[in-house]
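>>> Need coordinates for the following:
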Amino acid sequence: MAVLAIPAAADTLAKDVFGAFRSSNGGPAAAFGGYSRGCASGNIQLPETGPTWQAMRLSRNRNWGNPQLVDFLIGLSQQATRYGWAGLYIGDMSQPLGGPMTSGHASHQIGLDADIWMLPPASLRLSPAQREKLSSQSVVAKGGVAPSRLWSASHHAIIRAAASDPRVARIFVDPVAKVMMCNEERGNRAYLRKIRPINNHDYHFHVRLACTNQGCENQAAPPPGDGCAEAEQWIRNRINPPPQPPGDPDYRHPRSFRLSEMPRTCQALVAR
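Prediction:
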């Protein structure tokens, strides 16, 4: 699909350009720029349904990613069956050419991010309409300081399996889930370093793969250690919120980026 002819002076929003593509360019797989300001060549589509997974919210057309990501998700869904789940419900990955999304995420722009639902699949034969209506489940109780009754050893095992994959750079999850894993782990704790606390990740966990090629900007490595004390501090801050530092006056959500502000490789990718 060719990009619509828009006068250069208008300098359209990048989200509108990248969001207009319905399929990948089919080129060599590569990620360009950073997770929150970048794009992707050669993304492939995770099949909507497989033996151990289903892609959710198909209307968003966000079940695209680097072949490494698709391979990872299929493999993790197979591993989930070892822990009593039928497989995995896969949420947002990336757009066909990556780039800023028309709604939601700041990241997920280079085909190396994916959201995995905390809801164990009751069925892997959901219709497209059912996938639009079904909601995931929170593993955090009301109040945000303790696990809900839905948190389980299988959640721990699946997230541990994901973090143990050498392709994974980070996993973002609610600090309550991270603390539960810290308290429950009785084996090798090295993988815990990759699991980072973040708000609004109690219904899903977010997997981020490391860059696969030159021209892709890796995030800085997580701090040394297992990160458990940091997650505990997040929970204490929910109980007794500290004074909030002033916001960054220069921050802009990636949905506000103009095409001219994207990496040149990304500008060239959509101009073909």
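>>> Quick one, grab the pLDDT at Ala153.
If you check Ala153, the pLDDT there is 98.
>>> Sorry, wrong one. I was asking about Pro246.
88.
>>> Could you measure from it over to Gly38?
28 Å (C-beta to C-beta, to the nearest Å). Yep, even glycine has a C-beta here, placed from its N, CA and C like the rest.
>>> Which of those two has more residues huddled nearby?
Neighbour count, other C-beta atoms under 10 Å: between Pro246 and Gly38, Gly38 has more, with 28 against 5.
>>> hey, what's that one bridged with?
In this entry, Gly38 is beta-bridged to Gly33, by DSSP bridges.
>>> dump the residue contacts of it.
Listed by C-beta atoms under 8 Å, 6 or more residues apart in numbering, the contact partners of Gly38 are Ala31, Phe32, Gly98, Gly99, Gln109, Ile110, Cys216, Glu217, Met262, Pro263, Cys266.
>>> Also Tyr191?
Arg160, Ala163, Ser164.
>>> Generate a ChimeraX selection restricted to the buried entries among the residues you listed.
Only the buried entries of the contacts of Tyr191 go into this ChimeraX selection, using 16 or more other C-beta atoms under 10 Å:
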select :160,163
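>>> circling back to that earlier point, what's the ChimeraX line that selects buried ones from the contacts of Gly38?
Buried subset of the contacts of Gly38, written as a ChimeraX selection, criterion 16+ other C-beta under 10 Å:
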select :31,32,98,99,109,110,216,262,263,266
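>>> what would the contacts of Gly38 look like in JSON lines with distance to Arg22 and secondary structure?
Output for the contacts of Gly38, formatted as JSON lines (distance: C-beta to C-beta, whole Å; DSSP: H, G, I helix; E, B strand; the rest coil):
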{"residue": "Ala31", "distance to Arg22": "20", "secondary structure": "strand"}
{"residue": "Phe32", "distance to Arg22": "20", "secondary structure": "strand"}
{"residue": "Gly98", "distance to Arg22": "14", "secondary structure": "coil"}
{"residue": "Gly99", "distance to Arg22": "13", "secondary structure": "coil"}
{"residue": "Gln109", "distance to Arg22": "17", "secondary structure": "coil"}
{"residue": "Ile110", "distance to Arg22": "19", "secondary structure": "coil"}
{"residue": "Cys216", "distance to Arg22": "24", "secondary structure": "strand"}
{"residue": "Glu217", "distance to Arg22": "27", "secondary structure": "coil"}
{"residue": "Met262", "distance to Arg22": "20", "secondary structure": "coil"}
{"residue": "Pro263", "distance to Arg22": "22", "secondary structure": "coil"}
{"residue": "Cys266", "distance to Arg22": "18", "secondary structure": "helix"}
